[in-house]
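# Let's see this in three dimensions:
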Amino acid sequence: MELRDLWGDARVDDLAVDARRVRPGSAFFCFRGFGVDSHDWVPLAIENGAVAVVAERHVDVDVPLAIVPDARVTLAEASDIFWGRPTESLPVTGVTGTSGKTTTSLLIHSILEAAERSPGRYGTLGIRVGERALPPTPWSPMVFHLHRTYREMLDAGNCSCVVEVTSYDADLRRMDATRFAALVFTNLGHDHLNFHGTMEDYFAAKRRLFFEGDPPAAVNVDDAYGRRLFDELQLDGRSKLLSFGLADDAEIRADDVEQSPAGSHVRVGALELDTPLLGAFNVENVLAAVAAARLLEVPDEAIAAGIASMPGVPGRLERIDEGQPYAVFVDFAHKPEALEAVLRTARTLADGRVICVFGCGGDAYRGKRPMMGRIASTLADYVILTTDNPRSEDPEAIAAEVVTGGPPDEVELDRRRAIGRALEIAQPGDVVIVAGRGHESKQLLADGRVVPFDDRQVARELLRRGI
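Reported below is the predicted structural model:
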C-alpha cells in the first residue's frame, strides 16, 4: 500500500480517529467502535479540518475518500508508513499477559539501560522518550500514537524500546505493524471477559500476536495457557523460542530462590540475580526478563546489573513504612490470580495475621467478583470488603456479588475508612494488603465523576496521624 492510495495528492500532516481531536490537515479514519459508529462523526471531522477520510462504507464528503474492508488494519499499515516504518530501526520488545506486564517491562527496560541500549518505554506507568518521562495516555495506545512515539524515540536517540501489549491492542489491530525483536507471554487469567466473552477468545487475541510476523518469543510454561502457546509455537517451527518458569523443563528457570523481606535472590544457571522484588510471581517476572534479554543477546553481566538496579514498582507490592510495627503493602491486584499471588506472598512475610482490604471495579467482568471473594476469605485472616472504581455501578450491588464467593469479616464501602479500619486492628507482625488500585491516583465514580484517591497516600496519612 502507498499513502497516495488513501488520499491522493492531499497534504496530510496527521492521522486521527476521534473527530473531536482532529487538527487541520489530518486524515480521519472511521470504523465501528464500542456502541459508536465513527462514520457518523465525519461532518465534525471535516469541520475541524480533516483533509481526507478513510472509511468502511460510503460517506458524503468533498475531500478524498478511501473505502477499505477494515479501517483498523489500514490504520495500522498507514501509521507505520506515515511515520517512516520506525520499528525497522527500533528493536521493540513487547510484553503481554494478564498480570506481570508492567513489572516485566520495567525489568527489561532496566536491563537494556545496563546494556547501554538507550531504551524507550510505552506502558501503564508512562512513556519514556529519550530523557523525557511523559505521563501514560488515558487509553490503550492508538496505533498512530504508538508509531508516532516510536519515531520520536528514534529522533531522541533511543536504540530500543519496551512496550506493554494488552489483549485489546491485539484484538483491535493496534500492534499489527509493530515489528517485535522479542515478544513475552507472562500468563492468562480471568479478566477482560466482558470484552472477549470467553477464555478461548481471550487466549486467541494474545495468541495472534505470536503467529503474525514470526517474532522471537519467550513464554511462561508455568501457566497453562503459556504451556499451550509454547507447544503450538514449537510445532510451528519457531526458530527463536525460549520457555521460562519454575517448571523443571523450562529453559530459563530458577535453579535456586531465596526470599526475605529485603527482596529475592535467584540463580539461573551460573547467573546470580538480586532484586528488591518479593514473591514467587515476581520470580517469574524476573525469569521473563532474563528470557527476553537472552533473545535480544544481552550479556549476562548487564542482565544482572539491570535487575539489581531496578527498584520496586510503584503500586506493585509497594511497602508503606511510617515506622509502624506491622507491614503495609499497596498492590494493583484487581484480578483473581493476582490477588491470590499477593496474598500467598503476604503469608510468607507475616509473623502474625494477613489483613486484606479489597474491592472490585464496576463496568468490568463480573464473573471474577465471587472468585476474588473466595480467594480473599480463604487466604487472608481478616478481610475488609470495600469499593474499588465503581464507575456507573452501585457499590452495594458489586459488594453483594463479591460476598457470594466468600464472606468478608467487614464491609466498609468508604475506601478511606476501610483502609483506616485495617490499620486500626493491625498488630505487630501482621501484614496489611490494600489491593486493587496500586499506583492509581483517582477513583472513578458514577456519572463520570473522578475524585482524587491514592491508596498509598491515604495509608501514609493515616499512619502519620496514628490512625
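# next structured bit after the helix or strand bottoming out on mean pLDDT in the chain?
Here the helix or strand of the chain ranked lowest by mean pLDDT, DSSP states H and E is helix 193-196, holding a mean of 62. Next helix or strand after helix 193-196 toward the C-terminus (DSSP states H and E): helix 199-211.
# Can you show me the CA trace of the very next helix or strand once past that next one as CSV?
Later in the chain than helix 199-211, the nearest helix or strand by DSSP H and E is strand 217-220. Only the C-alpha atoms of strand 217-220 are listed here, as CSV (Å, rounded to 0.1, in the frame of the first residue of the first chain):
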residue,chain,number,x,y,z
ALA,A,217,9.2,-15.4,21.7
ALA,A,218,9.6,-16.1,25.4
VAL,A,219,6.7,-18.0,27.0
ASN,A,220,5.9,-18.8,30.7
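# Tell me the strands beside strand 217-220, with direction?
strand 180-185 (parallel), strand 241-245 (parallel) (DSSP bridges).
# quick one, the shortest one and helix 199-211 angle?
Just to be clear, that refers to strand 241-245. On the basis of axes from the mean of the first three to the mean of the last three C-alpha atoms, to 10 degrees, strand 241-245 is oriented at 130 degrees to helix 199-211.
# could we number from 24 for the rest of this?
All right, first residue 24 from here; so that's strand 264-268.
# can you pull the buried residues of strand 264-268?
264, 265, 266, 267, 268 (16 or more other C-beta atoms under 10 Å). Heads up, the C-betas are built off the backbone N, CA and C, glycines and all.
# Now render those residues as TSV, adding pLDDT and distance to residue 403.
As requested, those are exported to TSV (pLDDT from 0 to 100; distance: C-beta to C-beta, whole Å):
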residue	pLDDT	distance to residue 403
264	98	39
265	98	36
266	98	33
267	98	30
268	97	26
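# What is the nearest of those to residue 202?
Nearest to residue 202 among these: residue 264, at 17.2 Å, using C-beta to C-beta.
# got any ranges where the protein has weak pLDDT?
Along the chain, the model assigns pLDDT under 70 to residues 57, 161-164, 213-219.
# what's the longest helix in it?
For the chain, the longest helix by residue count, based on DSSP state H, is helix 303-318.
# who's in contact with the residue with the largest distance to the centre of the chain?
Most distant residue from the mean C-alpha position of the chain: residue 85, 41.1 Å away (C-alpha atoms, centre = their mean). Counting by C-beta atoms under 8 Å, 6 or more residues apart in numbering, residue 85 touches residue 69.
# Look up phi and psi at it.
Torsion angles at residue 85 (phi, psi; degrees, to the nearest 10) stand at phi -110, psi 20.
# quick one: it and residue 32, what's the gap?
15 Å (C-beta to C-beta, to the nearest Å).
# Can you pick out the most distant pair from the buried residues of strand 264-268?
264 and 268 (13.8 Å).
# just checking, residue 141 touches residue 180?
Yes: counting by C-beta atoms under 8 Å, residue 141 touches residue 180, with 5.9 Å between them.
# Of the two, which one has the most company?
The residue with more neighbours, out of residue 141 and residue 180, is residue 141; 16 against 11, by other C-beta atoms under 10 Å.
# ok, now which ones touch the more buried one?
135, 180, 181, 182, 183.
# what about 7 Å?
Taking C-beta atoms under 7 Å, 6 or more residues apart in numbering, we find residue 141 in contact with 180, 181, 182, 183.
# With distance to residue 440 as added columns, please give these in JSON lines.
JSON lines is the format used below for these (distance: C-beta to C-beta, whole Å):
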{"residue": "180", "distance to residue 440": "49"}
{"residue": "181", "distance to residue 440": "45"}
{"residue": "182", "distance to residue 440": "49"}
{"residue": "183", "distance to residue 440": "46"}
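# Select only the buried ones of these in PyMOL?
Of the contacts of residue 141, the buried ones can be selected in PyMOL as follows, counting by 16+ other C-beta under 10 Å:
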select buried, resi 181+182+183
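# for the contacts of residue 141, which one is nearest residue 393?
When the contacts of residue 141 are compared for distance to residue 393 (C-beta to C-beta), residue 183 comes out closest, at 42.6 Å.
# I'd say the closest one and residue 110 touch.
No: counting by C-beta atoms under 7 Å, residue 183 does not reach residue 110; the two are 10.8 Å apart.
# Which parts of the protein belong to which domain?
Here the domain assignment for the chain is 27-105, 109-332, 341-487, based on automatic domain parsing.
# Just give me how far the shortest one sits from the chain centre.
If I follow you right, that is domain 27-105. Domain 27-105 has its C-alpha centroid displaced from the chain centroid by 28 Å (C-alpha atoms, centre = their mean, to the nearest Å).
# ok so, going back, could you export the buried residues of strand 264-268 to TSV, including columns for distance to residue 279?
As requested, the buried residues of strand 264-268 are arranged in TSV below (distance: C-beta to C-beta, whole Å):
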residue	distance to residue 279
264	25
265	20
266	19
267	15
268	15
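# from these, which is closest to residue 147?
Distances from residue 147 to the buried residues of strand 264-268, taken by C-beta to C-beta, are shortest for residue 267, at 21.6 Å.
# Is that closest one bridged to anything, and to what?
residue 243, residue 275.
# Identify the residues contacting it.
Applying C-beta under 7 Å, 6+ apart to residue 267 gives the contacts 241, 243, 273, 274, 275, 276, 310, 311, 314.
# cutoff 6 Å now
Residues in contact with residue 267 (C-beta atoms under 6 Å, 6 or more residues apart in numbering) are 241, 243, 273, 275, 310, 311, 314.
# again with residue 239
205, 263, 318.
# Out of these, grab the one that's most surrounded.
Ranked by neighbour count (other C-beta under 10 Å), the contacts of residue 239 have residue 205 at the top, with 25 neighbours.
# for the longest helix of the chain, packing partners?
Applying 3 or more C-beta pairs under 6 Å, 6 or more residues apart in numbering; DSSP states H and E, we find helix 303-318 packed against helix 124-137, strand 203-208, strand 240-243, strand 264-268, strand 275-276, strand 286-291.
# and the gap between the nearest residue to residue 142 once chain neighbours are set aside and residue 78?
In this structure, residue 142 finds its nearest non-sequential neighbour in residue 135, 3.9 Å apart by C-beta to C-beta, 6 or more residues apart in numbering. Using C-beta to C-beta, we find residue 135 at a distance of 40 Å from residue 78.
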